[in-house]
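> Would you be able to build a 3D model of this:
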Amino acid sequence: MFKSKILSEAEAFVLQLFKTKLPTQIVYHNYNHTLQVVDAVREIGEGMKLKDSELEVVLLAAWFHDTGFIVGCNNHEENGKKELTCFLGDKQLSDEKIKQVLDCIEATKMPQNPTNLLEEVLCDADLYHLGADDFSKKSKLLRLEWELRDQKEFADIEWLETTVSFLNQHNYFTDFAFNLLNEGKTNNWLTAKKELKKAITKEEKKIKEKDLKIAEKSKKKEKEDRPEKGVETMFRVTLRNHIKLSDIADTKANILLSVNAIILSIVLANLVPKLDKEGNHFLILPTLVFTLTSVFSIIGAIISTKPKVTSGEFSRKDIEDKKVNLLFFGNFYKMPLTDFNFGIQKLMEDRDYLYGSMTKDLYFLGLVLARKYRLLRYTYTIFMIGIICSVISFVVSFLMIPEEVISTVIK
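So this is what the prediction gives:
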């Protein structure tokens, strides 16, 4: 193994430099990495049949190519060249060789751009690990160094995307490195792609689970915020009040029917038989007004209590589209039991459908009540005005006839 005096001195100098000045957060570009690059230069250089003088140039560049990290990560190649110049201060090395060493260090700057074989050997040695079996371990060390250096944590997907992209764009320059490492680099690239796919799937699953938890939390909060018992109590009380009001309306209509039936009975039994007598002609108009008042009142009361029933038949599609209210008998009395049972099951499973049906039931019951009370109001008005007109007409009729006719009627 070729090793000159200057290389032994360079090894001791770099070791002391890294031991005393390298920051602790530089966990990848340290002495171990430099030593591995030096070994890779020897392997590739020998494989490419470099002369000892040429190998000495590349090995010297390998020892100093990352020494600039003792100052900082930015422009570390320039700082490395300064450390090399400092080391070569009292060494007997030709200007041509010094320039070659400096050019080799400069060629390792990303993106790599070597211009000759010596530079290509160092560039391939610097990224030797891309095709090595320990690539994953080295990648984790580099990631840790970047995170410590930049005080930034890389997400798995972000780091793997960077790794896949870098491996995809990289090419080995020397034939020896290509033949030795390219297959391993391809395998490492495929492994990184698989890990990236897994990481993306994991992240998507994580996002879905997070969204699901948020949705469940929102649903739970909505359920907690919504006063379930209060809503049910509201529907129960309101529906009961509507039913009571409907009973009251029916009772009022029944009163009108009963009263006017009695009035008609009296009129037909006592007044109508006397109208054909010559002296009772004055009773015709009051009796007619009285009779018509009762008739119209009865008609109004009957109309107000007259039930209205719908078709009573809907399809399953109407149920699935939530177009039918199954809480009202008029909507289902012609439906088969199987369809009705299906609809009730859907209603019980769907909370919104259930509350929507109850709301519709309440609304349409309110419309029925409004119609009943409107007709009753009109009927009571007719009855009141008719009674008043009947009494007035009777009084006027009695005042307009002679006293002897009144006494005759009374007798």
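> Which residue ranges of the stretch 1-150 of the chain form helices?
Along the stretch 1-150 of the chain, counting by DSSP state H, counting those that start in this stretch, helices occupy 5-21, 31-47, 52-64, 76-87, 95-107, 117-126, 135-150.
> need the ones you listed in JSON lines with distance to Y378 and mean pLDDT, can you?
For glycine as for every other residue, the C-beta is placed from the backbone atoms N, C-alpha and C. JSON lines is the format used below for the helices of the stretch 1-150 of the chain (distance: least, Cβ to Cβ, whole Å; pLDDT from 0 to 100):
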{"stretch": "helix 5-21", "distance to Y378": "105", "mean pLDDT": "92"}
{"stretch": "helix 31-47", "distance to Y378": "101", "mean pLDDT": "94"}
{"stretch": "helix 52-64", "distance to Y378": "109", "mean pLDDT": "93"}
{"stretch": "helix 76-87", "distance to Y378": "99", "mean pLDDT": "90"}
{"stretch": "helix 95-107", "distance to Y378": "104", "mean pLDDT": "92"}
{"stretch": "helix 117-126", "distance to Y378": "102", "mean pLDDT": "95"}
{"stretch": "helix 135-150", "distance to Y378": "85", "mean pLDDT": "90"}
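> Tell me the spacing between L55 and S94.
16 Å (Cβ to Cβ, to the nearest Å).
> If you count surrounding residues, which of those two has more?
L55 (23 against 8; other Cβ atoms under 10 Å).
> Now that one: closest residue in space, sequence neighbours ignored.
G45 (4.6 Å; Cβ to Cβ, 6 or more residues apart in numbering).
> count of neighbours near the one you found?
Neighbourhood size, G45 [other Cβ under 10 Å]: 28.
> Kindly report the same for the one 3 residues further on.
Residue crowding around M48 was assessed by other Cβ under 10 Å; the count is 19.
> where in the stretch 101-250 of the chain is pLDDT low?
221-230 (pLDDT under 70).
> Swap in 90 and give it another go.
Applying pLDDT under 90 to the stretch 101-250 of the chain picks out residues 110-111, 113, 146-155, 203-204, 206-250.
> what about the strands in it?
Using DSSP state E, counting those that start in this stretch, no strands are found in the stretch 101-250 of the chain.
> which one is K152 nearest to, not counting chain neighbours?
For K152, the closest residue by Cβ to Cβ, 6+ apart turns out to be W146, at 7.5 Å.
> Distance check, that neighbour against K206.
23 Å.
> out of those two, which sits in the more crowded spot?
Using other Cβ under 10 Å, the more surrounded residue of W146 and K206 is W146, with 18 against 10.
> Touching, the more buried one and F154? I think so.
Yes: using Cβ atoms under 8 Å, W146 and F154 qualify as a contacting pair, with a distance of 6.9 Å.
> sorry, back to before: does the residue nearest to L55 touch L122 like I think?
No: if you go by Cβ under 8 Å, G45 and L122 don't touch, sitting 9.2 Å apart.
> who touches both of the two?
V58 (Cβ atoms under 8 Å, 6 or more residues apart in numbering).
> what's the burial count for V295?
The number of residues near V295, taken as other Cβ under 10 Å, comes to 15.
> which secondary structure element contains it?
helix 284-305 (DSSP states H and E).
> Would you mind writing the CA trace of that helix as PDB?
Coordinates of each C-alpha in helix 284-305 appear next as PDB, following Å, rounded to 0.1, in the frame of the first residue of the first chain:
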ATOM      1  CA  ILE A 284    -141.300  34.900   7.100                       C
ATOM      2  CA  LEU A 285    -138.300  37.200   6.800                       C
ATOM      3  CA  PRO A 286    -137.000  36.800  10.400                       C
ATOM      4  CA  THR A 287    -137.500  33.000  10.300                       C
ATOM      5  CA  LEU A 288    -135.600  32.900   7.000                       C
ATOM      6  CA  VAL A 289    -132.700  34.900   8.400                       C
ATOM      7  CA  PHE A 290    -132.700  32.700  11.600                       C
ATOM      8  CA  THR A 291    -132.800  29.500   9.500                       C
ATOM      9  CA  LEU A 292    -130.000  30.600   7.100                       C
ATOM     10  CA  THR A 293    -127.800  31.600  10.000                       C
ATOM     11  CA  SER A 294    -128.100  28.200  11.500                       C
ATOM     12  CA  VAL A 295    -127.600  26.500   8.200                       C
ATOM     13  CA  PHE A 296    -124.400  28.400   7.300                       C
ATOM     14  CA  SER A 297    -123.100  28.000  10.900                       C
ATOM     15  CA  ILE A 298    -123.600  24.200  10.600                       C
ATOM     16  CA  ILE A 299    -121.900  24.100   7.200                       C
ATOM     17  CA  GLY A 300    -118.900  26.100   8.500                       C
ATOM     18  CA  ALA A 301    -118.600  23.800  11.500                       C
ATOM     19  CA  ILE A 302    -118.700  20.700   9.300                       C
ATOM     20  CA  ILE A 303    -116.100  22.100   6.900                       C
ATOM     21  CA  SER A 304    -113.700  23.000   9.800                       C
ATOM     22  CA  THR A 305    -113.800  19.400  11.100                       C
END
